[in-house]
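Visitor: Could you work out the structure for the sequence below:
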Amino acid sequence: MKLVHMMGRHNLFIRLLVPYLLFILLALLLGWHIYTKTLHLVENEVTHNNLLLLEQVKVTLDRRLAEVEMVAQQLKNDPKVMRLQQVTEPFEGATTFRVWNTQKGLYNFSVSNSFILDYYIFYNKSNLVLSPNSTYEMPKFYQSILRYPDMDFDEWRERFFDGYQNRQFLPAQRTIYQDKLYDMIIYRQSLGYPGDEQGSIAVLIDNWEVQKLLGGLVTEDGGSVYILDGQGQVISSVPSDLSHVTPIQRDQLALDAPQGLIGASDKTDGMTITYTTSAQNGWAYIVAQPPHIVLKKVFYIKKITFSLAILFLLVGVILAYFFTYRNSKPVKAIVSTLKERISGDHGRTDDTFGFIQRTVSNLIDNNAELQEEIHKQAPFLRATLFERLLKGDFVGEKNIEASLLHQKLHLNDPFYAVAILRFTGYDSSLSEEMLMELDYKRVILKEELRKHLSDMAHYHDVSEDKIALLFFDGSDCLEDCRHRIDQALKLLTDEILVGLNISFVIGVGSICESLSAISLSYEEARQALVADRRENVGGVTWHEALPPNESGGYYYPVEFVARLMNVTKAGDWKEADKLLDDLYRQNFIDRHLPMAMRQLFIFDMVANLIKLNEQMVLNDMDDIKSLLGQAHSSDDPVVIFHSVKEWYRSICDKVNERKSSQNAQLLDDIIKLVSSSYMEAELSLDAAADRLNISKVYLSQFFKDQNGVNFSDYLENLRMERARHLLATTELTVNDIAGQVGYNSSNTFCRAFKRINGLSAMVYRNSSIPRN
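Guide: Numbers count the residues shown, from 1 in each chain. This is a model prediction of the structure:
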């Protein structure tokens with residue numbers, strides 16, 4: 001009441017208070033405008049992040065499923081696998097060997113995919129099941145290896161053989177595998193043809209591995225994330241039990257859009273739906289979340305904003321009253337003095353108005369100081385504006401124009417282009433002396449730019465050794481604009497920079513026709529600088545002069561990755577070096593990729609390097625993971641590529657070191673095995689490989705490389721040496737000697753003996769008996 005009474009009595013107080021209140025109101029309106037814009041941007045960011053996470057899950061799973069399909073197709077087309085399809089009695093006669101040979105051949109299908117538990121081949125006619133580790137009859141396989149709870153054998157068999165299925169994924173289901181309970185997805189590929197199904201290939205996929213990928217998405221407060229196949233079946237989900245929710249149907253998704261957002265409604269059970277679809281298999285990756293989870297950050301900003309707005313309003317009113325009251329005191333004193341002067345001397349009008357003018361001048365002093373401070377801050381605000389403009393932080397042309405107008409900059413020309421000038425002769429580690437030298441060069445150069453190019457270019461410091469030039473031109477056509485920019489660059493390079501004795505390189509982006517496209521021209525200028533650094537051209541490099549991009553993405557196919565990892569595991573640096581050089585040529589020479597795409601390529605390479613390190617247990621994880629940070633911060637992905645290449649070489653060296661220490665032990669084990677077991681007829685290359693737990697191909701090649709003779713020849717020569725000794729020193733029959741040196745048949749022994757020694761066993765014995 002005291003405040004109202006005072007305002008009623010003192011009109012001057014009200015007049016001084018009103019501007020403060022108007023300023024507070026204007027600030028609140030501006031704050032509300034910024035808040036609504038920020039809220040919209042944050043909402044877009046949140047949904048974009050969800051889509052990005054889903055996209056990462058999709059890409060990773062697509063890659064893993066492609067590996068699953070590749071293994072299944074290789075098995076399906078294997079001639080040995082195909083020949084067993086017509087067998088009805090697998091354990092009669094020579095068929096037993098064919099079964100055994102086919103089962104052993106499954107070792108050749110290497111699986112490095114952590115998603116895959118195992119794979120099996122089911123034969124319909126013979127009731128036979130093959131795996132890389134064993135052979136089973138189907139009923140025994142059902143009882144001891146793989147079955148579904150509450151499903152008898154006939155139902156189980158029908159699930160695997162009912163109809164012809166091509167590349168079918170059975171949804172995640174509780175499965176008893178080797179007496180343990182799993183959530184398992186099964187990939188099924190029928191053998192034979194539609195109407196003539198001969199069997200089935202089943203690849204077992206651990207659903208827990210899939211759920212680990214999906215687990216990165218927030219599913220609290222009743223949310224869920226799941227994968228729908230092309231028929232709308234839920235392949236996998238988090239949580240596993242979706243009985244409390246109703247998964248969205250595929251017909252509710254926008255089929256014309258590969259990804260999108262569906263707002264909360266009754267059709268979605270009050271959930272916000274974010275989804276993306278795979279072009280590889282048509283699967284839909286869906287995350288359903290309560291709106292308060294999706295927009296958690298948005299609601300937090302709302303809460304903070306409204307709290308601050310109320311606080312600002314209260315504090316603003318109090319401060320407005322305080323400053324009004326304080327400022328009204330001297331004004332009242334001045335007005336009182338004026339009244340006295342005017343009433344005391346009515347004839348001295350000029351003196352009176354002079355006094356009033358001086359008084360008004362004193363009142364506006366504070367405003368002049370404010371304007372001076374704003375003027376001092378103008379360069380920093382302008383630098384921030386250019387930084388956002390070059391990096392594309394503005395949304396829409398209107399926002400850019402409003403910000404330019406606020407800084408009293410007029411960019412309404414039809415053409416724009418960005419060039420980046422980099423001072424050369426400095427490495428990445430700059431000393432204090434180098435930084436001072438660069439500061440001096442930037443100051444001198446900007447002064448010259450202001451003198452000669454201020455009518456067509458603005459400049460902006462990008463870093464200690466880089467300056468960006470934003471060219472603007474009002475020419476009638478693109479060719480005239482290009483000509484004017486070329487002339488400006490020629491003036492800059494031939495006269496200004498040479499005159500100042502500054503060494504440099506310049507990258508120039510494409511000419512664009514809108515303010516929002518300036519950021520693209522800036523990115524192209526950066527790419528031109530990177531290309532210049534790689535090829536050491538020097539001078540001015542236009543982005544449009546770089547080799548054309550032949551692909552929309554980087555080159556790094558699944559088959560290539562598998563090949564690179566396999567040769568590295570084998571320690572074959574020569575082959576790995578060829579593959580890495582091919583990668584470099586494809587992605588840094590033949591393809592003109594954007595900087596962001598190059599960084600994604602490097603991230604993918606480092607991720608596979610981490611995977612390789614885990615598989616080989618090399619304990620270099622921290623050092624390799626540091627490459628991710630370097631790739632994120634580096635302006636030149638080529639440097640990181642070469643670092644990755646050195647890591648591959650290092651891994652090959654470590655593999656070869658392991659081999660050299662293991663080879664001697666392995667050779668010793670082989671010699672001991674042959675020496676102690678040569679008398680066993682069953683001993684052969686295959687049997688020795690099984691006992692030593694290595695493949696027969698590797699054993700054969702290893703023994704030949706280390707000993708200079710084939711394994712079979714070595715074994716045969718050892719048996720013959722022992723046979724010659726027994727023939728010469730004992731009276732054992734040829735049949736007994738054949739059995740003691742590892743031959744089941746004396747006829748086979750005699751033929752081998754004559755082939756190796758050039759004479760029969762009996763002739764050799766007779767010739768070895770001492771004559772009296």
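
Visitor: Tell me the first helix or strand C-terminal of the top helix by length along the chain.
Guide: Criterion DSSP state H: the longest helix present in the chain is helix 11-76. Following helix 11-76 in sequence order, the next helix or strand is helix 79-83 (DSSP states H and E).

Visitor: for the record, mean pLDDT for that following helix?
Guide: Here helix 79-83 scores 83 as its mean pLDDT.

Visitor: Mind listing what's buried along that helix?
Guide: K80, V81 (16 or more other C-beta atoms under 10 Å). C-betas here are computed from N, CA, C, even on glycine.

Visitor: Also stretch 211-231?
Guide: 211, 213-214, 217-219, 223-229.

Visitor: Need those in CSV (columns: pLDDT).
Guide: Shown next, in CSV, are the buried residues of stretch 211-231 (pLDDT from 0 to 100):
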residue, pLDDT
Q211, 80
L213, 79
L214, 79
L217, 71
V218, 63
T219, 64
G223, 79
S224, 82
V225, 85
Y226, 84
I227, 87
L228, 85
D229, 83
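
Visitor: Sort out which one of the residues you listed lies nearest I640 for me.
Guide: Nearest to I640 among these: L213, at 25.7 Å, using C-beta to C-beta.

Visitor: what residues are up against that closest one?
Guide: The contact partners of L213, by C-beta atoms under 8 Å, 6 or more residues apart in numbering, come to V57, T60, L61.

Visitor: Try it again at 10 Å.
Guide: 53, 56-58, 60-61, 64, 115, 225, 227, 236, 238, 285 (C-beta atoms under 10 Å, 6 or more residues apart in numbering).

Visitor: Which strand or helix spans A468?
Guide: Per DSSP H and E: strand 466-473 holds A468.

Visitor: what lines up beside that strand in the sheet?
Guide: Strand 466-473 sits in its sheet next to strand 415-423 (antiparallel), strand 457-463 (antiparallel), going by DSSP bridges.

Visitor: which of the residues in stretch 642-651 are buried?
Guide: Under the neighbour-count rule (16+ other C-beta under 10 Å), stretch 642-651 has S643, V644, K645, W647, Y648, I651 buried.

Visitor: what's the farthest-apart pair in the contacts of L213?
Guide: The farthest-apart pair in these, when distances are taken by C-beta to C-beta, is L53 and F115, at 18.9 Å.

Visitor: which of the two has more neighbours?
Guide: Using other C-beta atoms under 10 Å as the criterion, L53 and F115 rank with F115 on top: 23 against 20.

Visitor: M720 versus A728, what's the distance?
Guide: Note on A728: its distance to M720, by C-beta to C-beta, to the nearest Å, is 12 Å.

Visitor: between these two, which one's more packed in?
Guide: M720 (17 against 13).

Visitor: Pull the distance from stretch 63-76 to the chain's centre.
Guide: On the basis of C-alpha atoms, centre = their mean, to the nearest Å, stretch 63-76 sits 22 Å off its chain's mean C-alpha point.

Visitor: Next SSE downstream of the helix or strand containing D653?
Guide: Secondary structure from DSSP H and E places D653 in helix 637-677. Remark: after helix 637-677, the chain's next helix or strand is helix 685-692, criterion DSSP H and E.

Visitor: quick one, that next one and helix 637-677 angle?
Guide: Orientation of helix 685-692 against helix 637-677 (axes from the mean of the first three to the mean of the last three C-alpha atoms, to 10 degrees) gives an angle of 110 degrees.

Visitor: Report the mean confidence score over helix 685-692.
Guide: 90.

Visitor: hmm, who's touching that helix?
Guide: Residues contacting helix 685-692 (C-beta under 10 Å, 6+ apart): 100-101, 104, 107, 666, 669-670, 673-674, 677, 680, 683-684, 694-700, 703, 710-712, 715.

Visitor: Quick check: buried residues in the helix or strand just after it?
Guide: As assigned by DSSP H and E, the chain's next helix or strand after helix 685-692 is helix 696-707. Within helix 696-707, the residues that count as buried by 16+ other C-beta under 10 Å are K696, L699, S700, F702, F703.

Visitor: then helix 696-707 to PDB, C-alphas only?
Guide: This file holds the C-alpha atoms of helix 696-707, laid out as PDB (Å, rounded to 0.1, in the frame of the first residue of the first chain):
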ATOM      1  CA  LYS A 696      45.300 -81.600 -40.800                       C
ATOM      2  CA  VAL A 697      46.000 -78.900 -43.500                       C
ATOM      3  CA  TYR A 698      48.000 -76.900 -41.000                       C
ATOM      4  CA  LEU A 699      49.800 -80.000 -39.700                       C
ATOM      5  CA  SER A 700      50.800 -81.100 -43.200                       C
ATOM      6  CA  GLN A 701      52.000 -77.600 -44.200                       C
ATOM      7  CA  PHE A 702      53.800 -77.000 -40.900                       C
ATOM      8  CA  PHE A 703      55.600 -80.400 -40.900                       C
ATOM      9  CA  LYS A 704      56.700 -79.900 -44.500                       C
ATOM     10  CA  ASP A 705      58.000 -76.400 -43.800                       C
ATOM     11  CA  GLN A 706      59.800 -77.400 -40.600                       C
ATOM     12  CA  ASN A 707      61.200 -80.800 -41.600                       C
END
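
Visitor: Output the contacting helices and strands for the helix holding D653.
Guide: Using 3 or more C-beta pairs under 10 Å, 6 or more residues apart in numbering; DSSP states H and E, the elements in contact with helix 637-677 are helix 518-535, helix 558-569, helix 573-584, helix 595-616, helix 621-633, helix 685-692, helix 696-707, helix 711-729.

Visitor: Give me the distance from it to the chain's centre.
Guide: The chain centre lies 29 Å from the centre of helix 637-677; the measure is C-alpha atoms, centre = their mean.

Visitor: Kindly report the same for stretch 518-532.
Guide: Taking the mean of its C-alpha atoms, stretch 518-532 sits 23 Å from the chain's own mean (C-alpha atoms, centre = their mean).

Visitor: what's the burial count for the residue nearest to M70 when sequence neighbours are not counted?
Guide: Excluding the flanking residues, the one nearest M70 by C-beta to C-beta, 6 or more residues apart in numbering is V558, at 7.5 Å. Other residues lying near V558 total 13 when counted by other C-beta under 10 Å.

Visitor: How many residues are close by the residue nearest to V87 when sequence neighbours are not counted?
Guide: Closest residue to V87 in three dimensions, ignoring its sequence neighbours and counting by C-beta to C-beta, 6+ apart: S126, at 5.0 Å. Applying other C-beta under 10 Å, we find 21 residues neighbouring S126.

Visitor: Now do the contacts for S126.
Guide: S126 neighbours (C-beta under 10 Å, 6+ apart): 84-91, 95, 99, 137-138, 198-199.

Visitor: try 6 Å
Guide: V87, T88, P90 (C-beta atoms under 6 Å, 6 or more residues apart in numbering).

Visitor: Mark which of the residues you listed are buried, thanks.
Guide: Applying 16+ other C-beta under 10 Å to the contacts of S126 flags V87, P90 as buried.

Visitor: Same list (the contacts of S126) but as JSON lines, adding secondary structure.
Guide: JSON lines is the format used below for the contacts of S126 (DSSP: H, G, I helix; E, B strand; the rest coil):
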{"residue": "V87", "secondary structure": "coil"}
{"residue": "T88", "secondary structure": "coil"}
{"residue": "P90", "secondary structure": "coil"}
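
Visitor: From the contacts of S126, pick the one nearest P258.
Guide: Using C-beta to C-beta, these come closest to P258 at V87, 45.9 Å.

Visitor: what about the closest one, distance to V81?
Guide: 11 Å.

Visitor: Likewise for I511?
Guide: 61 Å.

Visitor: Quick one: residues contacting the closest residue to Q630 other than its chain neighbours.
Guide: Excluding the flanking residues, the one nearest Q630 by C-beta to C-beta, 6+ apart is I640, at 5.7 Å. I640 makes contact with I602, Q630, A631, S634, according to C-beta under 6 Å, 6+ apart.
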